[in-house]
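Asker: My questions are about this predicted structure, shown below with the sequence.
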There are 2 protein chains.
Amino acid sequence: MKDVAARAGVGLKTVSRVVNGEPGVTPETERRVQEAIDALGFRRNDSARVLRKGRTASIGLVLEDLADPFYGPLSRAVEEVARAHGALLINGSSAEDPDREQELALALCARRVDGLVVIPAGDDHRYLEPEIKAGVATVFVDRPAGRIDADVVLSDNFGGARDGVAHLIAHGHRRIGFIGDMPRIHTAAERLRGYRAAMEDAGIPVEDSWMSLGVTDPQRVRRAAEEMLTGPDPVTAIFAGNNRVTVTVVRVLAEQSRRVAFVGFDDIELADLLQPGVTVVAQDAAALGRTAAERLFRQLDGDLITPERIELPTRLITRGSGELPPTD
Amino acid sequence: MKDVAARAGVGLKTVSRVVNGEPGVTPETERRVQEAIDALGFRRNDSARVLRKGRTASIGLVLEDLADPFYGPLSRAVEEVARAHGALLINGSSAEDPDREQELALALCARRVDGLVVIPAGDDHRYLEPEIKAGVATVFVDRPAGRIDADVVLSDNFGGARDGVAHLIAHGHRRIGFIGDMPRIHTAAERLRGYRAAMEDAGIPVEDSWMSLGVTDPQRVRRAAEEMLTGPDPVTAIFAGNNRVTVTVVRVLAEQSRRVAFVGFDDIELADLLQPGVTVVAQDAAALGRTAAERLFRQLDGDLITPERIELPTRLITRGSGELPPTD
DNA sequence: CTGAAAGCGCTTACAG
DNA sequence: CTGAAAGCGCTTACAG
């Protein structure tokens, strides 16, 4: 910038004005400055700008896994809101590792993002307290923050799961299995709670062997499903705790000779084309992201004071698999 | 930092040393500095650091749409490589809009990312020349750069499509339709070229009505598929140019009374569970991302001189739909 | 082992 | 309409 000013024979401030399109420069001066910029290949350094201005016009997104189809639309929605506010998105995956989540979130804060949207992997976020105090806007999505008071946007995981299981019960099932993610993950715990509530509402005692929580890799889920289907008291229906579980359970069920009813949490692509079509409890990933990001920018605008918990409804989509009668 | 130094009764440099874990500080001094840091809630400002150091330890990723399942694994792979090199990922979607791609890429450069991985939407990237000259490492993925000489990592789109179509021909088809993305998109053009080559190799003259290129929204694709299936010379097989086209065509085919053979470019989830299973030409999205990112860091290490074009092979996965015989 | 000075590339507040 | 000075929060190069 100094070079540009020298070459154009003007002061630093004038170059700054031209670069930022501020008023108060004669066309002739502007032309000279522009010429010098082009000749020297000048590119404004936003790091310096940030240092001086305070705000960086960037927000951070810490999510679980960019490769999971559930997070694509969520993260795209956050991006669109950021874009509308002139901000860039810096993001990273925690891979469900609390340490990695913390490392990432703090690295983003050190880059002085204006705000942070976090899909938490851990359950203790006190490490963010100094950042929040220092003015970093923060919103949690999909899962609540742990041990700090913060904005959070969630799906109605409990209600959605309860409705899905109640749907199976309404179709005559009593022996219903639940396969979900690790219980320390909030969504997994809530959905299990929904399952239990629906069973209890119907007066059905739940056998331990009907519930299986753990990592959602295909091997573990496959074994869990097969055990439920072949035990002494085999289930006639399975409720899956998320999209990763669903794709594996649907595969296992396709191999069975008898028809087993199925409802999954999260919609999946092509669910309507399978035979039978896959009945799901759908959540709106884009709406989660959008709501969280809008909330973040409202924080940045100084609109809000008290952290809130916003819960978005889920939707039961019947396609066939959840309406199969029990076969025992 | 100044406050910390004052409170600890040391020089600025000593604080800097403690913060960065550099050697040459007595344990006692370090303790005093650490205490001041905690008391004051000091957080290092990486913007200032960047300004001084040159490198920002962040790379930019410009992709088409974060919500497209093809880009999730690609972008996750880029992230993992970045992480291994201690860099953060800043990204954004171009939404297939060349202006938006340019705006995003230049915004990332203004933030002084060390490098840029670009999935181009436009076909003229001369706007990046000054940045590249200024030292921003750049790699294009999935589609080549336009009008500049740069590293590019691609799938073998031509060969993959040719093999897929040849597979249909080998199963007795002659009237084969092609439905693809807009022809200005490199991958779409290459795959069409592969289709034409396979047909020509087999001595089959191609009717214009068998080819349909355009946006990949469900309405357009559905109409295109229906026209090919009901015209005077209806096709007995369809080749789909990408995953978005595949999901719609598979839906249309499920509604048909006669069996129409199908092969799609890009693998899709649950393709094996449909009836018939969906035969696809699969590309390795994660490998594309990984290869590109590794190439980027090699550029940053100063390893490379000449831009290269790296082409990754595709893989034909037969599952049933592509092996159906013609029914006419 | 420790620190004072200069400077990274901008913007802010002010004066002309 | 224009510019010189100070400063954002760090690091670098050097001296003690």
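Answerer: That came through, no problem. Numbering: from 1, shown residues only, chains lettered A, B, ... in the order given.

Asker: What ranges does chain A have for its strands?
Answerer: Secondary structure of chain A (DSSP state E): strands located at A:58-63, A:88-93, A:115-118, A:137-141, A:151-155, A:176-180, A:211-213, A:237-240, A:261-265, A:279-282, A:309-312, A:315-317.

Asker: burial measure for A:Arg43, as a count.
Answerer: A:Arg43 has 16 neighbouring residues, counting by other CB atoms under 10 Å in any protein chain shown. (C-beta placed from N, C-alpha, C; glycine too.)

Asker: Next: the one 3 residues further on.
Answerer: Counted with other CB under 10 Å, the neighbours of A:Asp46 add up to 21.

Asker: Please name every helix or strand in contact with the helix or strand of chain A with the lowest mean pLDDT.
Answerer: Ranked by mean pLDDT, DSSP states H and E, the helix or strand of chain A with the weakest confidence is helix A:46-53, at a mean of 85. Using 3 or more CB pairs under 8 Å, 6 or more residues apart in numbering or on different chains; DSSP states H and E as the contact test, the elements touching helix A:46-53 are helix B:46-53.

Asker: What residues sit buried inside the helix it packs on?
Answerer: Neighbour counts over helix B:46-53 (16 or more other CB atoms under 10 Å in any protein chain shown) mark B:46-47, B:49-51 as buried.

Asker: could you pull out the helices for chain A?
Answerer: Remark: helices assigned in chain A by DSSP state H are A:2-8, A:12-19, A:27-40, A:46-53, A:71-84, A:98-110, A:129-133, A:157-170, A:186-201, A:218-230, A:243-255, A:285-300.

Asker: Now distance to B:Arg175 too, for those helices, in TSV please.
Answerer: Formatted as TSV, the helices of chain A follow (distance: least, CB to CB, whole Å):
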stretch	distance to B:Arg175
helix A:2-8	64
helix A:12-19	60
helix A:27-40	56
helix A:46-53	56
helix A:71-84	36
helix A:98-110	53
helix A:129-133	63
helix A:157-170	45
helix A:186-201	49
helix A:218-230	39
helix A:243-255	32
helix A:285-300	40
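
Asker: Compare these and report which one is nearest to B:Leu116.
Answerer: B:Leu116 lies closest to helix A:46-53 among these, at 14.7 Å (CB to CB).

Asker: Would that closest one count as contacting DNA strand D?
Answerer: Yes: using CB under 7 Å from any atom of the strand, helix A:46-53 reaches DNA strand D at A:48, A:51-52.

Asker: ok, now how distant is A:Ala285 from DNA strand C?
Answerer: Look at A:Ala285 and DNA strand C: by CB to the nearest atom of the strand, to the nearest Å, they are 37 Å apart.

Asker: and the gap between that residue and A:Thr314?
Answerer: Per CB to CB, to the nearest Å, A:Ala285 is found 11 Å from A:Thr314.

Asker: quick one, what contacts the residue in chain A positioned nearest to DNA strand C?
Answerer: Minimum separation of chain A from DNA strand C (CB to the nearest atom of the strand) falls at A:Met1, amounting to 2.8 Å. The contact partners of A:Met1, taken as CB atoms under 8 Å, 6 or more residues apart in numbering or on different chains, are A:12, A:15-16, A:19, A:42, A:44.

Asker: coming back round to it: check the residues of helix A:46-53 next to DNA strand D against DNA strand C, which are close?
Answerer: Among the residues of helix A:46-53 next to DNA strand D, the residues that sit close to DNA strand C (CB under 7 Å from any atom of the strand) are A:48, A:51-52.

Asker: how does chain A divide up, domain by domain?
Answerer: Domain segmentation of chain A under automatic domain parsing yields A:2-44, A:56-155+A:285-312, A:157-283+A:316-323.

Asker: For these, could you give me JSON lines that also reports distance to B:Pro183 and mean pLDDT?
Answerer: JSON lines is the format used below for these (distance: least, CB to CB, whole Å; pLDDT from 0 to 100):
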{"stretch": "domain A:2-44", "distance to B:Pro183": "34", "mean pLDDT": "87"}
{"stretch": "domain A:56-155+A:285-312", "distance to B:Pro183": "25", "mean pLDDT": "94"}
{"stretch": "domain A:157-283+A:316-323", "distance to B:Pro183": "26", "mean pLDDT": "97"}
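
Asker: for these, which one sits closest to B:Ala110?
Answerer: domain A:2-44 (5.9 Å).

Asker: re earlier: with the residues of helix A:46-53 next to DNA strand D in mind, which one is nearest to B:Arg147?
Answerer: A:Ala48 (31.0 Å).

Asker: that older thread, using PDB, list the CA coordinates for the least confident helix or strand of chain A.
Answerer: The C-alpha trace of helix A:46-53 is given here as PDB (Å, rounded to 0.1, in the frame of the first residue of the first chain):
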ATOM      1  CA  ASP A  46      -7.300  -8.500   5.200                       C
ATOM      2  CA  SER A  47      -5.200  -9.800   8.200                       C
ATOM      3  CA  ALA A  48      -4.000  -6.200   8.700                       C
ATOM      4  CA  ARG A  49      -7.500  -4.900   8.200                       C
ATOM      5  CA  VAL A  50      -8.900  -7.400  10.800                       C
ATOM      6  CA  LEU A  51      -6.200  -6.400  13.300                       C
ATOM      7  CA  ARG A  52      -7.300  -2.800  13.100                       C
ATOM      8  CA  LYS A  53     -11.000  -3.200  12.800                       C
END
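
Asker: got the angle for it vs strand A:58-63?
Answerer: With axes from the mean of the first three to the mean of the last three CA atoms, to 10 degrees defining the directions, helix A:46-53 sits at 110 degrees from strand A:58-63.

Asker: And A:Ala285, how far from A:Asn243?
Answerer: Applying CB to CB, the value for A:Ala285 to A:Asn243 is 10 Å.

Asker: Counting neighbours, go ahead and name the busier of these two.
Answerer: Neighbour comparison, A:Ala285 and A:Asn243: the larger count goes to A:Ala285, with 26 against 22 (by other CB under 10 Å).

Asker: Would you mind measuring from that one to A:Asp151?
Answerer: Applying CB to CB, the value for A:Ala285 to A:Asp151 is 18 Å.

Asker: Same question for A:Val215.
Answerer: From A:Val215 to A:Asp151 the distance is 29 Å (CB to CB).

Asker: Between those two, point out the one with more neighbours.
Answerer: Neighbours per residue, other CB under 10 Å: of A:Val215 and A:Asp151, the larger number sits with A:Asp151, 24 against 11.

Asker: I'd assumed A:Phe140 was in contact with that one.
Answerer: Yes: assessed by CB atoms under 8 Å, A:Asp151 is found in contact with A:Phe140 at 6.8 Å.
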